[in-house]
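K.L.:
heads up, no residue letters with this:
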């Protein structure tokens, strides 16, 4: 009886612990699931007009609100579909862990990836500092009280920005809705599927952004029809954006797999949307901005693995499921 009880207990433990590297999910199902979520994320944006036959929105704000609702629906459907496909048990800790929605080690997941990402913007920071210096010198040339007026001007700009942000629909799009929904679909849902489908870690890091970039192909039509650009220029603009999304998508997937935290790629996404493309060279800063960019880039690659060490974001590295690839990537 004792031996039978131990045997049953071991079988239950083996059922709970999925070997990292595969979770009984076929690669075909994982890829098809990711492709379907990418297509659905884009297709649903056009559903109100093409399928529901709703009248065109009266303003840009109402147009964006309609898209926000569609993106939210797409995210919820993708999460539910992924939860059905993944080999997980339907209780809160298991589900939230699979999608990287965690509250432990939160400050590490917020601060460390953000600090790492900011290194790529060293040239941009130098340019902004020189711009502030120019503003300071202008006040000084006019013979004004430099310190008081300059600080007052900066303070007024910050207050105006904070007051206008809640009502600015572009702020909601770039810094809230787009980052949250895209990270939920293209990281939290797709990465676990591909990992449990048996793909290697680096394959997932570089494969997942392909779905992310394909979801931006609709911008060719937007550039062509809405902005009245030629097909060549629209394709070039969209192609450049696709290249950038592949690079960022790889980095965001890397952060998600290494840390097991969704908040890590999310804060990087918001920060990159705010900063735009890193400044490599500017006329005002000259070689200083380029030197800062090079130094920041070197620091970024030097600290890439140390600042994303799984041990910084997780207490335990055992009893891992197939979506916890960081357990074997230390």
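P.N.:
Ah, there it is. Bear in mind that the values here come from a model prediction, so they are computed numbers and not experimental data.
K.L.:
Quick one: low-confidence residue ranges for the stretch 201-330 of the chain.
P.N.:
Scanning the stretch 201-330 of the chain for pLDDT under 70 picks out 215-239, 284-285, 330.
K.L.:
number of nearby residues for residue 283?
P.N.:
Close neighbours of residue 283, defined as other C-beta atoms under 10 Å, add up to 7. For every residue, glycine as well, the C-beta is placed using N, CA and C.
K.L.:
go on, the one 10 residues further on?
P.N.:
Residue 293 has 25 neighbours, counted by other C-beta under 10 Å.
K.L.:
ditto for residue 259
P.N.:
Count around residue 259 with other C-beta under 10 Å applied: 26.
K.L.:
Check residue 214 too.
P.N.:
Residues near residue 214, counting by other C-beta under 10 Å, number 18.
K.L.:
can I assume it is in contact with residue 37?
P.N.:
No - between residue 214 and residue 37 there is no contact under C-beta atoms under 8 Å: 10.9 Å.
K.L.:
so which strand or helix has residue 206?
P.N.:
According to DSSP states H and E, residue 206 maps onto helix 201-214.
K.L.:
would you list every one of the strands in the stretch 51-200 of the chain?
P.N.:
For the stretch 51-200 of the chain, no strands are identified by DSSP state E, counting those that start in this stretch.
K.L.:
which residues of it score low on pLDDT?
P.N.:
For the stretch 51-200 of the chain, the ranges with pLDDT under 70 are 90, 92, 134-158, 161.
K.L.:
for it, what spans make up the helices?
P.N.:
Under the criterion DSSP state H, counting those that start in this stretch, the stretch 51-200 of the chain carries helices at the ranges 60-85, 92-98, 106-118, 122-141, 146-164, 169-172, 178-183, 190-196.
K.L.:
Identify each buried residue in the third one, please.
P.N.:
By neighbour count, with 16 or more other C-beta atoms under 10 Å as the criterion, the buried positions of helix 106-118 are 108-109, 112-113, 116-118.
K.L.:
Point out the other helices and strands that that helix packs with.
P.N.:
helix 231-259, helix 263-275, helix 287-303 (3 or more C-beta pairs under 8 Å, 6 or more residues apart in numbering; DSSP states H and E).
K.L.:
can you list contacts of the shortest one?
P.N.:
The list of residues contacting helix 263-275 from outside it, by C-beta atoms under 8 Å, 6 or more residues apart in numbering, reads 100, 102, 106, 109-110, 112-114, 117-118, 121, 124, 174-175, 178-180, 182-183, 187, 248, 251-253, 255-256, 258, 308, 313.
K.L.:
go on, the last one?
P.N.:
Counting by C-beta under 8 Å, 6+ apart, helix 287-303 makes contact with 116-117, 119-127, 130, 278-282, 285, all of which sit outside it.
K.L.:
list the buried ones in that helix?
P.N.:
By 16+ other C-beta under 10 Å, the buried positions in helix 287-303 come out as 288-290, 292-293, 296-297, 300.
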